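>>> Structure for the following, please:
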Amino acid sequence: MSALPSPEFLALQEALAGRYSLERELGRGGMGIVYLAQEVRLDRPVALKVLPPDFAARPTLRDRFLREARTAARLSHPHIVPIYAVHEIDGFVFFAMAYVEGETLGERIRSKGPLPPRDAARILREVAWALAYAHGQGVVHRDVKPDNILLEAAGGRALVTDFGIARVGAGSGITEVGEVLGTAEFMSPEQASGEAVDERSDLYSLGVVAHYMLSGRLPFQGPTVAATLAKHLTQPAPPLASVSPALPAPLAQAVDRCLAKDPSARFAKGEELADALGEALEVRREVPVALRLFIKQNRESTGVMRALILFPLVMVLLTLVGWMIGGGAPPLIVTIGFFTVMALLAATPPALLALMSRRLLAAGYEHDDLVRAMRGDLEERRDELASTYGTGRTRLDRWLRGLVAGGLAAHAGGLAWFAFGPYSEAILGILLPIMTAGGATWTVAGLASAIRHQLRHHLPGQGWLRFWESPLGRGIFRVAGVRLDRLAAGVPYGPTELAIGMAADRLFEALPTDQRKAFKELPDVVRRLEADAEKVRARIQELDALVAEVSDEGMRPSDETAPAAVHVAGRRDSLASALTASRAAAEDRLREVVAALETIRIELLRLHAGAGSLDSMTMDLSAARDLSADVARMLEGRREVERLLGRPAAPELDATPTPA
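Next up is the predicted model:
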């Protein structure tokens, strides 16, 4: 320790000798002091939160603290910091909890500014799951704020701390204990007025956290605690979209609903908020290979395209200047040849772009598909930059801007003195160093600021997006599509079952290790259901074609009075009915497969929220396997249809033998 330890540190260490070894203070607030310590028996780092001595001296507050701490210690959730033990030793009242290597959400926002929407939505959903679980155990947090949300350094996981501890002093309103009841900037109206609170109060506080996390501003802030509480009680929160217009609408609407003054207008449960945030966290639609390759080629060819455009223009300009200086142009044939070559060089970039566009069109993708894919690619890159460098100005940015302004002022002041002030060698000896230092300062600081701005905002491909959105880009696509037979199957983004399956995969990977081991077959079941859905969709298309084929045969002229014709017509009608029934059955199976995937996803969400059960998930997986077997039997029936049509059986949809 670099500084001498405080008397309270020494007294606590003396009381805990042999049990915990204190290392340093992590922080302090109205609820107490948090120390980093090493638990001797298990040799693991822990965080000790100690009740302030004046609170510990009051029996009512001490007993309430211990009771609520023991209640919170029963909570076990992936997004809640676990409490290991609650102690009362030699007058010290404290609890030991897991030490999380990382930073608080408040520290992250204060250092890097507002978070990217995707990161913010993920953190909010994880906190909502934690709150939902705690509420189900009868624990209301009452002090949800950024400094009580920890961000794990390894994977960015959000963990909520201090569950239930803010209930200390709940019976005394806000007059006796003050900060113990919560933090004014994040307090719900009912909590501020001393009324009874429930889980919806925590969701209001989480809404304030979300508003601050996404905009960098608190929705309510006054010069005093009383003024801030008065705003919570009387003023509506500003719509999040009004301060951050670029946010996804589902995310902004979910936050605004949390901040409703009337508790009944908010989300009733944390699970409902988590589901609403899931819309904002919808899995990015997978961009097909053809579109990804086009975007990559665009970015990599930027320098070559510029050279091919600028070189002929520069050559023409230099040639014209040379002709003017030299006294005239060369023979006509030479002039025509020169300008023809330059025109061909200038036309090369549009021709290359048209060729690339034609290949994309031939693969079944349209101009709008490309623009949508490029926007998604830029959005993903923008999120990566924001996650790395933040979206707002940091302390370093403000410091650099101050140095630039100060250096410019010193340099400009020196020049002004030379222009208008008295001159002497003594003054010159003072001003020259000041001007030199000022000029060097603003030059270096300005260069550093420009580099930081370039790193934060430079997005390769942004110019290409503007180009393809322009009339020129649309025109190249129209020219590229002339006399082109396009593929009909260019579906740029995956179907519903793929999106649900990807979401289920992500939720499964976020489960604790023991739960992943218990359901280790879940990813295989999800893949099987996705494949089944794809096969059933293909079967529906086949049946549509067969129904059309049978109907076309019915339109052909024939002698319907002949006995053979009557027999054929009856057989055709019977076959058409059978095909229609098969198609309806296939549609039912498709709905069942997608519903089974959705059930697995919902059960995973419940497990994350602490509301699911192992038995329920086991039953869902068993039902999914049975459904997959039913789909296999349904697809086997296609051979009978082919036999009735009098044609050889088509090959199966994959190389895997299908069980009867």
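>>> for residue 163, helix, strand, or coil?
coil (DSSP: H, G, I helix; E, B strand; the rest coil).
>>> Once you drop chain neighbours, what's closest to it?
residue 72 (4.2 Å; CB to CB, 6 or more residues apart in numbering). C-beta here means a position set from N, CA and C on the backbone, and glycine is covered the same way.
>>> Domains in the chain, by residue range?
Domain assignment for the chain, taken from automatic domain parsing, gives 7-98, 102-280, 289-388+463-480, 394-460, 496-644.
>>> Check which helix or strand the residue nearest to residue 163 maps to.
Following DSSP states H and E, one finds residue 72 within helix 59-73.
>>> before we move on, the earlier item: number of residues surrounding the residue nearest to residue 163?
25 (other CB atoms under 10 Å).
>>> and what of residue 52?
Neighbours of residue 52 (other CB under 10 Å): 17.
>>> if we can go back for a sec, I'd like to know which elements the next helix or strand after the helix holding residue 72 is packed against.
Going down the chain from helix 59-73, the next helix or strand is strand 83-89, by DSSP H and E. If contacts are counted by 3 or more CB pairs under 8 Å, 6 or more residues apart in numbering; DSSP states H and E, strand 83-89 sits against helix 59-73, strand 92-98.
>>> Parallel or antiparallel, which strands does the last one pair with?
Spelled out, that is strand 92-98. strand 44-50 (antiparallel), strand 83-89 (antiparallel) (DSSP bridges).
>>> Which of the residues in whatever helix or strand comes next after it are classified as buried?
Going down the chain from strand 92-98, the next helix or strand is strand 102-104, by DSSP H and E. Residues of strand 102-104 classed as buried by neighbour count (16 or more other CB atoms under 10 Å): 102, 104.
>>> Any idea how far strand 102-104 is from the middle of the chain?
19 Å (CA atoms, centre = their mean, to the nearest Å).
>>> Least confident secondary structure element in this protein?
helix 638-644 (a mean of 55; mean pLDDT, DSSP states H and E).
>>> and the domains of the chain, which is most packed in?
domain 102-280 (a mean of 20; mean count of other CB atoms under 10 Å).
>>> Report the mean confidence score over it.
Mean pLDDT, domain 102-280: 83.
>>> Distance from the chain centre to it, please.
That offset, for domain 102-280, works out to 19 Å (CA atoms, centre = their mean).
>>> Which of the helices and strands packed on strand 83-89 sits closest to residue 11?
strand 92-98 (8.0 Å; CB to CB).
>>> what is the orientation angle of that closest one with helix 59-73?
Put simply, strand 92-98 runs at 10 degrees to helix 59-73, going by axes from the mean of the first three to the mean of the last three CA atoms, to 10 degrees.
>>> Strands of the stretch 451-600 of the chain, start to end?
For the stretch 451-600 of the chain, applying DSSP state E, counting those that start in this stretch gives no strands.
>>> Grab the most central residue of this structure for me.
Against the mean C-alpha coordinate of the chain, by CA atoms, centre = their mean, the closest residue is residue 118 at 2.2 Å.
>>> tell me the SS of that one?
helix.
>>> can you tell me which residues contact residue 100?
47, 81, 150, 152, 159, 161 (CB atoms under 8 Å, 6 or more residues apart in numbering).
>>> Name the nearest residue to the second one, ignoring sequence neighbours.
Closest residue to residue 81 in three dimensions, ignoring its sequence neighbours and counting by CB to CB, 6+ apart: residue 161, at 4.2 Å.
>>> is it true that that neighbour touches residue 150?
Yes - the pair residue 161 / residue 150 is scored as a contact, 6.0 Å apart, by CB atoms under 8 Å.
>>> Could you pull out the residues contacting both of the two?
In contact with both residue 161 and residue 150: 81, 100, using CB under 8 Å, 6+ apart.
>>> what's the spacing between residue 141 and residue 630?
According to CB to CB, to the nearest Å, residue 141 stands 46 Å off from residue 630.
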